[in-house]
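Q: Output the structure for:
(chains A and B)
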Amino acid sequence: MLNDVSTRRIFLQRGLTLLAAGGSIPTFLDNTALAMMHAADGALIQQASGKDGKILVIVQLSGGNDGLNTIVPYADDAYHRGRPALAHKASDVIKIDDYIGLHPNLAPIKALFDDDMMTIVQGVGYPNPNRSHFRSMDIWHSAEPEREAPATGWLGRYFDNTCDGTDPHTGVSIGETLPLAMKGARITPLSFEKPENYKYAGRDRKGYEKVNDIGMPTPGRAEPVAPKGKIEVATADDQLQFLTRTAMDAQVSSDTIQKLAKNYQTSSQYPGGEYGQGLRTIAAMIAGQLPTRVYYVSLGGFDTHANQRGRHEQLMQQFAQGVAAFWQDMKRQENTDRVLMMTFSEFGRRVEQNASGGTDHGAAAPMMFFGKSVKSGVIGKHPSLTQLDQGDLRYNIDFREAYATVLQQWLDSPSKPVLGQQFKPLSILRA
Amino acid sequence: MPRLHPNLQPYNPAADGTFDSVKAAHLLNRAGFGGRADEISKVIKLGPIKAVDWLLDFPDAPAEEQSKTDVPDLSEVEGYPRTFAERRKLFNGKSPDERQMLQQKLNMVNRQAVGATVNWWLKRMVDGPYPLQEKLSLFWHGHFTTSARDERSAWLMWQQNELLRRQGAGNFKEFVRQVSRDPAMLDYLNNSQNRKAHPNENYARELMELFTLGIGNYTEKDIKEAARAFTGWAHDGDAYIYRSFDHDKGAKAFFGRTGNFDGDDVIDIILQQKACAPYIAGRLWSFFVYENPEPDLMASLGTLLKESKWDLRPVLQAMLTSKAFYGSRAVGTQIKSPVQLVVGTIRLLDVEMPDARRLSGALDQMGQMPLMPPNVKGWPGGRNWINTSTLFVRYNTALFLAGGAGPVTGGKLKRAGISRDKNPRAKDPLAIARGGSAEQIVDEWVSRLIQRPISLSKRQTLVETLASRTDDQNAVRSMIQLIVSMPEYQLC
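A: Next up is the predicted model:
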């Protein structure tokens, strides 16, 4: 067990903490240090991102973004036929090539494309597309389309496989609930909506820290590991340790995040709201050299069943402004080549508009990747607008191929243990 | 009769430790939402057997039958169509714009009615007549899951909630039959679209995987055949209907038997499978006693369930009076669900119940919005409740209920109009242990709120907080706020 270098490293770190605690070591620390070594055994421990490591930023477009009006196939008659009231005129779109162009409000993003910092992956989806928001979101998050009630997400499993869990900042999600994608069986990333609210609200801060053992040596982080064939038993003490550990993580990260967010100076103009301000917080955290590898932020409101035009235009503008502000910041921070941004939505929308000037739930849609590390351009064939599956675009690229690319070529992690099978990586990133 | 598993042997105070306030509080936590001092005294007086008899003494009847007035306020959706046919009539002849406006209006009133149902339910958990009945309803809600998401009708959600109340301690076989005809369930798991020509396997799959047998105890073929048996079981937007023309009347081969089975036959056959009773016993045990029960314990409890001909009361009785229920693996080991935390805090502090619509943001952020479980598997519970974000929300919500002010994580409470001046009416914290020393006051509040001893050093911290200000309301209130901000308070 101790021949594993990284395990030993953790043990040494832990051992020093124990020593520093002197005579007041709670007895449970022995157990947890042991349990932690078990858990770390065989895991591929990675270095944290810190100052130099690679960082992934996920931007989720919630509600089912209309892919066809984002990356617009302006040269296709079927597009204009299906959407007499919603189609963007060829003269309005920002052309990428002689078939597709960007939504008129995505000009700030076109600048990134021209700067060789953007890849569009067309026609991404999965077999037997599900048109329920919740179900399809679960599928994208878990990357397990067959599992009815998934318990972990693809990024969570990546954390489980590669992180020792000693730092609470491994993954950070901006939003009021932790997305399934980030949830691991062992590792639970941080999540908060606004940095200023991510804190204890009571007045007696000192008393609170005392009754939560904050500042005491950290109890081990690994979950109790039951010997093979034995049932896992959690005693009241185990539960208390687990809660205390989480309380410590919460407090440590709360202090860090608030300080970084408050003191961050930038001239980038981020849009208001959770999405824009979330991106700003992420930029602050990256500047603060946190060891975080994955950040997650969402922009909602894409469920445009009625009167889509104005609403979607507004959303596109907000989306583009956020992305552009973030990358200006990354340029200033000189972090453009170690940050990769990926966008997705749970599904695209139907080719034909509906009777309410909107579009209904669809299937395949484009994904976007940003950063200096991408091979700028367009990947994949655009799905046919006439050969449809129940009125929807057929996918050409399985989203798990994109995930495999990110896992293997960006996060330097094998993808099969995370995705359950081997998917062929796409040619998104520079070698 | 086979011998009972040793853990299921009755708890014997002489051998297993006195039935004291820690144990009485434990019973009231698990079989309800926490006990106040007077309730704990009452339970001690009754003793462990009679206390469980008392808790289980409720009518297997819906709330509406128990009291015509103690029901959710669904007036928002009153007068709007319930059935699909009425709906179509209302939409008929309207322009697309009018339809859209109407649809938005319907969605809005429906959401309000769902909110009113949650509000009523939480209130009933706080001060309703039968805490165990509501605890069971909450358990079954996470078992026979249905969500009000996707604009599911508030009427249907309320009907299902009543079904859980009516059958929660009744006969499990009858329960499954009724759930299989429950409109909200038929809607949620798409059985209304399960037709002879195009079978939809969703309900048949979850019936076996989650509701009765557990994964791995059936084949894909069993699912296909069971789905055929449930074809034609549908609803009209308001009530169960059987569509004979959609029902597949052909022979089905199911678990080694062949016949023209319908849904009830399939349920009968499923309940004869060896895996069924232990699976249900295990689900109950995990919720009420401890997680990951031993397989032989589940088998033994399952045998009990079969011997009772699927009546749940005798099984609940056995669980709640067992040696293991009061053992070290059970007492104080459960991470409170967000509902338990909120309802329990309101009960234990004896404060007025705030409008649940004001608490819904916090419940949502803590991960348990009643009537909106995350998916068909319900709430996974246990340590899944806890992450750094939910822990702050839990602390801050309890603080708020304990008369604390200040920002509440996520800002949703604020958006919902909760501010300092709208705090729940806090009682005079000096009324308890008035005139006592700091130690006495701390001990009294710890025993009321955490209900188990805490470490000496933490007790000392609380005593120091109070110091000599034992007759200062604000000092005592601050001390109480610290108690509900302790990791210990997250457990019951």
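Q: can you map out the helices along the stretch 351-492 of chain B?
A: Secondary structure of the stretch 351-492 of chain B by DSSP state H, counting those that start in this stretch: the helices cover B:356-366, B:388-401, B:412-415, B:438-449, B:456-466, B:473-483.
Q: Tell me the residue of chain B that sits nearest chain A?
A: Going by CB to the nearest CB, chain A is nearest to B:Lys377 of chain B, at 3.3 Å. Every C-beta, even on glycine, is put in place using the N, C-alpha and C of the backbone.
Q: For that residue, which residues are in contact?
A: Residues near B:Lys377 by CB atoms under 8 Å, 6 or more residues apart in numbering or on different chains: A:148-149, A:151, B:145, B:210.
Q: one more time with 7 Å, if that's ok
A: A:149, B:145, B:210 (CB atoms under 7 Å, 6 or more residues apart in numbering or on different chains).
Q: give me the number of residues near residue 286?
A: I went with chain A, as the question did not name one. As a burial measure, A:Ile286 scores 22 neighbours (other CB atoms under 10 Å in any protein chain shown).
Q: ah, no, chain B please
A: Per other CB under 10 Å, the neighbour tally for B:Ser286 reads 17.
Q: May I have the predicted confidence score for it?
A: Looking at B:Ser286, its pLDDT reads 97.
Q: where in the chain is pLDDT low?
A: Reading this off chain A. A:1-49, A:218-232 (pLDDT under 70).
Q: my bad, the chain I had in mind was chain B
A: Low-confidence segments of chain B (pLDDT under 70): B:1-2, B:357, B:404-426.
Q: Does the residue nearest the centre of it belong to a helix, a strand or coil?
A: Chain B has B:Leu138 as the residue nearest its centroid, 1.7 Å off, counting by CA atoms, centre = their mean. B:Leu138 carries the three-state label helix when classified by DSSP: H, G, I helix; E, B strand; the rest coil.
Q: What segments of the stretch 251-400 of chain A are strands?
A: A:294-299, A:339-345, A:365-370, A:377-379, A:397-398 (DSSP state E, counting those that start in this stretch).
Q: Identify whichever of these lies nearest to B:Leu391.
A: Counting by CB to CB, B:Leu391 lies closest to strand A:294-299 out of the strands of the stretch 251-400 of chain A; the figure is 19.0 Å.
Q: got a list of contacts for the closest one?
A: Residues outside strand A:294-299 that contact it (CB under 7 Å, 6+ apart): A:55-62, A:155, A:171-175, A:179, A:182, A:275, A:278-279, A:282, A:315, A:318-319.
Q: strands paired with that strand, and their directions?
A: Using DSSP bridges, strand A:294-299 pairs in its sheet with strand A:55-61 (parallel), strand A:171-174 (parallel).
Q: For A:Leu388, give its distance to A:Ser356.
A: Distance, A:Leu388 to A:Ser356, using CB to CB, to the nearest Å: 21 Å.
Q: My error: substitute B:Lys68 in the last question.
A: Counting by CB to CB - B:Lys68 and A:Ser356 are separated by 41 Å.
Q: what's the answer for B:Trp385, then?
A: 40 Å.
Q: Pick out whichever of these two has more residues nearby.
A: When B:Trp385 and A:Ser356 are compared for neighbours, B:Trp385 comes out ahead with 21 against 17, by other CB under 10 Å.
Q: these two touch, right, that one and B:Gly367?
A: Yes: B:Trp385 is within contact range of B:Gly367, at 6.1 Å (criterion: CB atoms under 7 Å).
Q: Spit out the residues that contact those two alike.
A: B:Pro338.
Q: what number of residues lie near the closest residue to B:Pro10 other than its chain neighbours?
A: Ranked by CB to CB, 6 or more residues apart in numbering or on different chains and with sequence neighbours excluded, the top spatial neighbour of B:Pro10 is B:Thr321, at 5.5 Å. Neighbour count for B:Thr321, taken as other CB under 10 Å: 19.
Q: any idea how chain A splits into domains?
A: According to automatic domain parsing, chain A comprises the domains A:1-42, A:49-419.
Q: What is the longest helix along chain A packed up against?
A: Longest helix in chain A by number of residues (criterion: DSSP state H): helix A:236-263. Counting contacts by 3 or more CB pairs under 7 Å, 6 or more residues apart in numbering or on different chains; DSSP states H and E, helix A:236-263 packs against helix A:28-40, helix A:273-287, helix B:388-401.
Q: Was I right to think A:Val124 contacts A:Ala402?
A: Yes: at 6.4 Å, A:Val124 counts as touching A:Ala402 under the criterion of CB under 7 Å.
Q: That'll do, ta.
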